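Q: Return atomic coordinates for the entry below.
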Amino acid sequence: MAARPLRLILTLQTVLVALLPFVVAAGLGALWLPPQVKSEIEARQGQLARAVASQVDTYLSASLASVRDLAAVLYFEEQEGGHLQQILDTQVREGGALRAIYVTGAEGRVRAVALGGQDHAQQKDLLGMDMSRNSLFRQIKEHGGPVWSDTFLSVVGGGLSVALGVPSGRHTVIGELRLDNLSRHLQHMATVPRQLLLVLDRRGQVIADQEGRHTAQQLNVSDVPLVRQGLAGGGPAVGGLDFNGVAMIGSLVKAPSMDWYVLVALPAKEAYQPLLAILGIFATALALTLLAGLAAAVWLSRRLAGRFETVAEGARRIALGQEVEHWPGSSIREFQALAGDLQHMAQSVRQREESLRLSEAKFRRLAQSSPLGLHLYQLLPGGRLILSEANPAADAITGLDHRQLLGRGIEEAFPGLTAGPAPARFREVASQGGLWQDDQVAYLHGGVHRVFEVRAFQGEPDQVAVLFNDITQRKEAEEAIRQSEATLRGIYRASPAGIGMISFPGRRLLWANERLAEMSGYGLTNELIGLASRQGYPSQEEYERVGRLIDEGIRGQGVASVETQMVHKDGSLMDVLVKCAPLEPGDPSAGLVFMLLDITEAKRLAREKAELEARLRQAQKMEAVGTLAGGVAHDFNNILAIIMGNADMARDEAPAQGPQAEMLGRILSACQRGKGLVKQILAFSRQRGRQPLAVDPAVIWKETLKLLKSTLPANIKIEQRLVSGGSCLLADPTELHQMLMNLCANAAHAMGQDGGTLRVELTEVGLEEDARTLDLTPGRYFSLSVSDTGRGMDQATRERVFEPYFTTKAPGEGSGLGLAVVHGLVQALGGAITVHSQPGRGATFQIILPVAPQAAAAAPTTDSQPASRGSGRVLLVDDEPEVLALGRHMLGRLGYVVIPHANGALAWRAFQADPGTFDAVVTDQAMPEMTGLTLARHIRSLPSQVPIILCTGFMEPSLDQEIQELGIAEVINKPYSKARLATAVQRALAGGLPPPGA
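A: The predicted structure is shown next:
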């Protein structure tokens, strides 16, 4: 870009500043012509239109000048890369009107692009775009000079734009001019609200207006006669026109630099107003002010330019190293500050030159006395490095006299370096600057391999200074240490034990291997090292115990071995064996080396072995107990049968409403509970599974509480609230009875001799979130709550209350199995049990049991129904004489003829002698010589279909298939009532099937 004198620039800028307000004022005055002089009005309109056209031309010319200047820069300097992009970005940022600038190559592909403002993000998308097919690009190639395009919608940010292309050697510079700025410019030029300022292209389309709305509508006014006339003639046109139904007076003129037209119009009503006199006064004032401004601008510009020339001359003398004896004074503060800064700059330059001279001398003294070798190499234009200087230490290290090597290339002077990267790195530092260092530079000299530590940096342009030192012995020692450490690390890493070193006393970890980190769960470097060993112990007492044993062991035997527990980072415990030895024999204060062995698995196996042995002994005991329980239960069953049968018959003889009948009924109820208890004992002795029924728990537990009222002490008050809502529970009634009995017995013991209140509540609830807390499935549940006002329990007791054999009772008062049995029964039913208690405030046990699917509850078994009478001959077999006599008496009273036999063999011989004599056979199962099923098998061997009824206290599951194959009519459980026996015989004679669970 051509330089211009400061005086000219200041003059022009001052004149422009003075002219701008008057040009705007002249335009406003031209719109207000007197109404009686139409020709003068039209002339003024034309004058205003030309002024606007001139402004448009100035607007376009500024952009044209910017693009031309940029093209000239590219043509003369051929800018590339980041510098070119910086120029483009600066031009767009400072150009104002330019939306985008493209630089294309000769083939028309965009090589660089700059976008303004918010459009900058699209810059990468436009790079490489092909513009060779663009009409503007072709016109530029054809004309070889600046070319304006037609208006178009911009792809950068939208809106109307126009492009200007200027060729620049092998490049083409295209500037995209945003027309929205032109509309805003017109808005400032409008002097009255209803004035119309339009810029049209050669087709008559509005490309700018002071409001912007006609441009946004892409309005075309070529059909307006005045516009059509001007477009056709290519020259000015003045006259009236109708625009959107408004009569106006306007003028259309062509822009000087391109085929654009400016239409200026004003409504006729506002144009013809008497302002001619004011216009004359304004014109006179304008002329006088303009002349005064021009004179002042010339005088001021000359004065300022002279001062600048004086200061510039002083700066040139400083640059040449000359003294400036006198700086001219000035009343302008900025000129005074500039002169002072230049004086200070001259003084600083002299001081820096002196400092550099002293520094260079000091550097040379240091280099000569340094124990490090120093070589200075000069980089020649061909890339050859020659040795230019060296210090005495360099000769001592290399064993060479540098005076014989000066001026030689590095490859020639030191051929032992050519195999490595050093020469190439030296060249890079000499040409580009920076620092290069390496402690592994190999040097072969006299058949000996040596290792150098090297630092290379740029001294002056195209010069590299190299500091070096022979570290061969140090590297050999480091390698030996490294190999030794690698061997030790391999041993430590392969060790299955955790190994570490701690300070003593204080016992803080100084070093550890990876295995110790794995065992502890801490990070090796960021957590474990420096950790106090106290954190690895479960308690302060254990920490002190281990420390005491280690100290005693080391002082007594030189080493120590202690078994303890280590706390993992997650809080879990690990059994470990610690072996320690001091770094200094006999002196643990210097530190300890220890080894940690994980013995958790070994101790677990030992515990499991002990537990298995205990379980084996317990299983053997339980097997013996089961065998004993089975025998006792079988005999007890026969006793119950005798009691139950005689009580049943005695009740038949007693008055129905008398006290004897009530007492006999209680005996029968107790027998039923005893029957259930025997059933459980037998099931336990044979490990037979449960047989749950759909029962209403409220009915079972009401009966249980009725029994408890007569057995609990009188000072214990029972409050009950049992509500089931008609739902059922799948359970064994005897188990439910035992569950409540055990809880109430436990509550009665807790209240002791002082008595209290026993509260039993049963409700049906729906559990959602609470069910998940209890590890249950959400749904409907029975909630049984048993509360007492006893002495309560502390936390330690609550945590162990359900453990088998745990009891707070005195020896001989309890087995510790009551609550454990309740817990087991609840879990077997798919429920949960919780306890809430505090010392001195009683206890509450809550049992949650799932409600069974909709089913009819099984009616509780009762034997109060009257026995039905019948007739026929019955063969009755039982090895127990009293049971046999009782059965004979029962059946005889019911109308049957009974033929009794005390064993199966006698009964078989009697049946075999005359099979047709008997209508039914009722036989016990467990008998010596011949069991009931064996007797049935013999009977079925004959062509006889006599019904057989099997009586048993407990039936093995393995016999179910045989019972079905032999066609046993019915199986009844001992002890049985008269009604149960009568029903079974009657149903067998009638050929019916027994009900489920009978």
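
Q: When you work out contacts or count neighbours from here on, use the C-alpha atoms and nothing else.
A: Noted.

Q: quick one: low-confidence ranges for the stretch 601-750 of the chain?
A: The stretch 601-750 of the chain contains residues with pLDDT under 70 at 614-615, 617-634, 676-691.

Q: what's the following helix or strand after the helix or strand where Ala670 lies?
A: In the assignment (DSSP states H and E), Ala670 maps to helix 659-686. Using DSSP H and E, the next helix or strand after helix 659-686 towards the C-terminus is strand 693-695.

Q: Work out the gap between that following strand and the centre of the chain.
A: Centroid separation for strand 693-695 versus its chain: 50 Å, with C-alpha atoms, centre = their mean, to the nearest Å.

Q: Kindly report the same for stretch 757-765.
A: So, by C-alpha atoms, centre = their mean, the centroid of stretch 757-765 is 47 Å from its chain's centroid.

Q: Only the buried residues of that stretch, if you could.
A: 757-764 (16 or more other C-alpha atoms under 10 Å).

Q: Please, where are all the strands along the stretch 651-800 of the chain?
A: Applying DSSP state E, counting those that start in this stretch to the stretch 651-800 of the chain gives strands spanning 693-695, 716-722, 729-731, 756-767, 779-788.

Q: Give me the nearest residue to Leu115, chain neighbours excluded.
A: Ala100 (4.6 Å; C-alpha to C-alpha, 6 or more residues apart in numbering).

Q: Could you list the paired strands of the strand or helix carrying that neighbour along with their orientation?
A: In this structure, Ala100 sits in strand 98-104 according to DSSP H and E. In the sheet, strand 98-104 lines up against strand 110-115 (antiparallel), strand 171-178 (antiparallel) (DSSP bridges).

Q: Deepest in the core, which of those is it.
A: strand 171-178 (a mean of 25; mean count of other C-alpha atoms under 10 Å).

Q: could you dump that one to CSV, C-alpha only?
A: Only the C-alpha atoms of strand 171-178 are listed here, as CSV (Å, rounded to 0.1, in the frame of the first residue of the first chain):
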residue,chain,number,x,y,z
HIS,A,171,-4.9,-15.1,-7.4
THR,A,172,-8.3,-13.5,-7.5
VAL,A,173,-9.7,-11.5,-4.5
ILE,A,174,-13.4,-11.5,-4.2
GLY,A,175,-15.1,-9.3,-1.5
GLU,A,176,-18.7,-9.9,-0.5
LEU,A,177,-20.4,-6.6,0.5
ARG,A,178,-23.3,-6.8,2.9
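
Q: Run through the stretch 451-600 of the chain and note the low-pLDDT ranges.
A: 492, 504-505, 525, 586.

Q: From Ile643, how far off is the residue nearest the centre of the chain?
A: Centroid check for the chain by C-alpha atoms, centre = their mean gives Asp570 as the closest residue, at 21.4 Å. Distance of Asp570 to Ile643, given as C-alpha to C-alpha, to the nearest Å: 64 Å.

Q: one step back: right, and the strands of the stretch 651-800 of the chain - which one's nearest Thr917?
A: strand 693-695 (39.8 Å; C-alpha to C-alpha).

Q: Quickly note the distance from Gly755 to Ala832.
A: 28 Å.

Q: Pro193 now?
A: 89 Å.

Q: who has more neighbours, the two?
A: Ala832 (21 against 7; other C-alpha atoms under 10 Å).

Q: which residues touch the more buried one?
A: Ala832 makes contacts with 774, 776, 826, 847-849, as judged by C-alpha atoms under 8 Å, 6 or more residues apart in numbering.

Q: And for Ser495?
A: Counting by C-alpha under 8 Å, 6+ apart, Ser495 has contacts Arg515.

Q: Helices along the stretch 801-950 of the chain, start to end?
A: Along the stretch 801-950 of the chain, counting by DSSP state H, counting those that start in this stretch, helices occupy 818-828, 881-893, 904-913, 932-940.

Q: Now render those helices as JSON lines, adding mean neighbour count.
A: JSON lines is the format used below for these (neighbours: other C-alpha atoms under 10 Å):
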{"stretch": "helix 818-828", "mean neighbour count": "18"}
{"stretch": "helix 881-893", "mean neighbour count": "19"}
{"stretch": "helix 904-913", "mean neighbour count": "17"}
{"stretch": "helix 932-940", "mean neighbour count": "19"}
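
Q: now those helices in TSV, with mean pLDDT?
A: Shown next, in TSV, are the helices of the stretch 801-950 of the chain (pLDDT from 0 to 100):
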stretch	mean pLDDT
helix 818-828	84
helix 881-893	89
helix 904-913	92
helix 932-940	93
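
Q: Quick one: closest of the ones you listed to Tyr522.
A: helix 818-828 (40.3 Å).

Q: Output that closest one as CSV, nothing but the C-alphas.
A: Provided in CSV are the C-alpha atoms of helix 818-828 (Å, rounded to 0.1, in the frame of the first residue of the first chain):
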residue,chain,number,x,y,z
GLY,A,818,-38.3,-72.2,71.9
LEU,A,819,-37.7,-69.1,70.0
ALA,A,820,-35.3,-70.9,67.6
VAL,A,821,-38.2,-73.3,66.7
VAL,A,822,-40.5,-70.3,66.2
HIS,A,823,-37.9,-68.6,63.9
GLY,A,824,-37.5,-71.8,61.9
LEU,A,825,-41.3,-72.3,61.5
VAL,A,826,-41.7,-68.7,60.4
GLN,A,827,-39.0,-69.0,57.8
ALA,A,828,-40.4,-72.3,56.6
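
Q: Thanks a lot, see you next time.
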